[in-house]
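*Asks:* Following is a predicted model, sequence given first.
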Amino acid sequence: MSDKTATLPGTREHAGFVKTNLREYGMLLSLFAIMLFFELVTDGTLLRPLNLTNLVLQNSYIVIMALGMLLVIVTGHIDLSVGSVAGFIGAIAAVLMVRYGVHFIPATIACLALGALIGAAQGYWVAYFKIPSFIVTLAGMLVFKGLALAVLQGQSVGPFSPTFQKLSSGFIPELFPGAGTLYPTSLLIGAALALGLVYISVKTRARRASHGVEVEPTSFFALKNAILVGVVIYFTYLIASHRGLPNVLVIMVALIALYGFVTTRTTIGRQIYAVGGNEKAAKLSGIKTERLTFLTFVNMGVLAALAGLVFAARLNTATPKAGLGFELDVIAACFIGGASAYGGVGRVAGAVIGALIMGVMNNGMSILGIGIDYQQVIKGLVLLGAVCLDVYNQRR
């Protein structure tokens, strides 16, 4: 009896923490459940090394744009033009590199600068003229879709140089050749990444505890990090069994780390959340809300341009229909990942998990031979469910 009584406080502590953070851990459990489901129904095809690498390549541009869209949504706005901007930038890159023979480095820089300029143009109307972002970016979606058609003259342009193609289809060089079918360099990088994540997690927990903020129970924290290390090393092993880490995966991880740091550890990150939570209160406290909104759209433009370059490099051509429907997957990834439609709520990790959920669903349904019509229906229902959950949490 005494033993049972002694376990009750710890049990309550664990249950209370899980209940408080149900939304965050619910997303992870949802991703795990979806991956397990498709792994079973596809007879193990989903997690084969080749398919896992393709999954990364197919969804890299969605993850990249989701990072920018998250900040836009957190400030209480939306950007419907990201797909058209990505397609337009891909068209510009093709014209510069293929038609005019411009080297890929200055062409890439010019395309990223153009993306920033597009974001600035749209952000200016939203931030300083207070025109609803829905209207501004809807107009932008139509404008840049038309401009992409005009630039390409209705035809596909390609191929790109082999060096530029490596942006999306290349793999990191192997430092230990002759190792058979396994790429040790990629495996070592994955192990280092896993240990780095644990180190950051431990430091973050210690910092939160020192400020009197609630932290996970010790046993729960240890279990979570053990699972994290195991999952990262396992997936790295699978990818290293094919051709190693794709270049675009390295770019994605670097961007996720950068935006994770900016949103949680910098003043500008905290100010962005303050603007989304209550813009009037943020402005009264001295935050330059218009400038922050403007910068989030500039940032979105740059990431949309980068995603357009990655997509064009993967296809090895620029097509008039490039970017079609990207905005839907990107916005859905953010909302499924826990971003609030009301602004002020959302995490980088959640946006990435949401993008992975969308990617796994797309890949799994394609393997099963489900038509694009029913794929859209299923994704729409998943998005509606995520937003309904957000509304429910807001009203509690």
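*Replies:* Now that the structure is in, tell me what you want to look at.

*Asks:* Now residue 288, what are its backbone angles?
*Replies:* As for residue 288, its main-chain torsions (degrees, to the nearest 10) stand at phi -80, psi 90.

*Asks:* Next, work out how far apart it and residue 263 are.
*Replies:* 18 Å (C-beta to C-beta, to the nearest Å). Bear in mind the C-beta positions are built from the backbone N, C-alpha and C, glycine included.

*Asks:* which secondary structure element contains residue 264?
*Replies:* Counting by DSSP states H and E, the element that carries residue 264 is helix 247-265.

*Asks:* average pLDDT across that helix?
*Replies:* Helix 247-265 comes out with an average pLDDT of 91.

*Asks:* swap in stretch 50-66?
*Replies:* Mean predicted confidence for stretch 50-66 is 89.

*Asks:* Return the set of buried residues in it.
*Replies:* Across stretch 50-66, burial judged by 16 or more other C-beta atoms under 10 Å covers 51-53, 55-66.

*Asks:* which two in those residues are spaced the farthest apart?
*Replies:* 51 and 65 (22.7 Å; C-beta to C-beta).

*Asks:* what residue ranges in the stretch 51-200 of the chain are flagged as low confidence?
*Replies:* Scanning the stretch 51-200 of the chain for pLDDT under 70 picks out the ranges 178-180.

*Asks:* residues touching residue 253, list them.
*Replies:* residue 193 (C-beta atoms under 8 Å, 6 or more residues apart in numbering).

*Asks:* now for whichever strand or helix holds residue 219, which elements pack on it?
*Replies:* For residue 219, the element it lies in under DSSP H and E is helix 218-240. Here helix 218-240 touches helix 2-20, helix 49-74, helix 184-210, going by 3 or more C-beta pairs under 8 Å, 6 or more residues apart in numbering; DSSP states H and E.

*Asks:* buried residues in that helix?
*Replies:* 220, 225, 229, 232, 233, 236, 237, 238, 239, 240.

*Asks:* Distance check, the last one against residue 169.
*Replies:* By that I understand residue 240. 17 Å.

*Asks:* same deal with residue 286?
*Replies:* As judged by C-beta to C-beta, residue 286 and residue 169 stand 47 Å apart.

*Asks:* Okay, angle between the helix or strand encompassing residue 330 and helix 49-74 too, please.
*Replies:* Per DSSP H and E, residue 330 falls inside helix 326-336. With axes from the mean of the first three to the mean of the last three C-alpha atoms, to 10 degrees defining the directions, helix 326-336 sits at 80 degrees from helix 49-74.

*Asks:* Just confirm residue 212 is within a helix.
*Replies:* No - assessed with DSSP: H, G, I helix; E, B strand; the rest coil, residue 212 is coil; it does not lie in a helix.

*Asks:* Give me the local confidence score for it.
*Replies:* On pLDDT, residue 212 comes in at 78.

*Asks:* and it, what is it in contact with?
*Replies:* Residue 212 touches nothing, counting by C-beta under 8 Å, 6+ apart.

*Asks:* give me phi/psi at it?
*Replies:* Backbone geometry at residue 212, expressed as degrees, to the nearest 10, gives phi 80, psi 20.

*Asks:* hmm, back to that, need the helices and strands packed on helix 218-240 in a markdown table (columns: distance to residue 132).
*Replies:* A markdown table is the format used below for the helices and strands packed on helix 218-240 (distance: least, C-beta to C-beta, whole Å):
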| stretch | distance to residue 132 |
| --- | --- |
| helix 2-20 | 34 |
| helix 49-74 | 13 |
| helix 184-210 | 37 |
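
*Asks:* Tell me which of those helices sits most buried.
*Replies:* helix 49-74 (a mean of 24; mean count of other C-beta atoms under 10 Å).

*Asks:* how far off helix 218-240 does that one point, in degrees?
*Replies:* Going by the same axes, to 10 degrees, helix 49-74 makes 130 degrees with helix 218-240.

*Asks:* Report all helices and strands that helix 49-74 contacts.
*Replies:* helix 82-94, helix 162-169, helix 218-240, helix 247-265, helix 267-277, helix 289-315, helix 326-336, helix 348-367.

*Asks:* how near is residue 119 to residue 345?
*Replies:* For residue 119 relative to residue 345 (C-beta to C-beta), the value is 23 Å.

*Asks:* more crowded one of those two?
*Replies:* residue 119 (29 against 19; other C-beta atoms under 10 Å).

*Asks:* out of everything not next to it in sequence, what's closest to the more buried one?
*Replies:* residue 301 (2.2 Å; C-beta to C-beta, 6 or more residues apart in numbering).

*Asks:* ok, the one you found touching residue 117?
*Replies:* Yes - counting by C-beta atoms under 8 Å, residue 301 touches residue 117, with 7.2 Å between them.

*Asks:* Among those two, which residue is more densely surrounded?
*Replies:* Applying other C-beta under 10 Å to residue 301 and residue 117 shows that residue 301 carries more neighbours, namely 29 against 14.

*Asks:* From residue 94, how far off is the more buried one?
*Replies:* Per C-beta to C-beta, residue 301 is found 19 Å from residue 94.

*Asks:* about what we covered before: and residue 145, which of the helices and strands packed on helix 218-240 is closest to it?
*Replies:* For residue 145, the closest of those is helix 49-74, at 16.0 Å, according to C-beta to C-beta.

*Asks:* and residue 286 and residue 169? which has more neighbours close in?
*Replies:* residue 169 (17 against 7).
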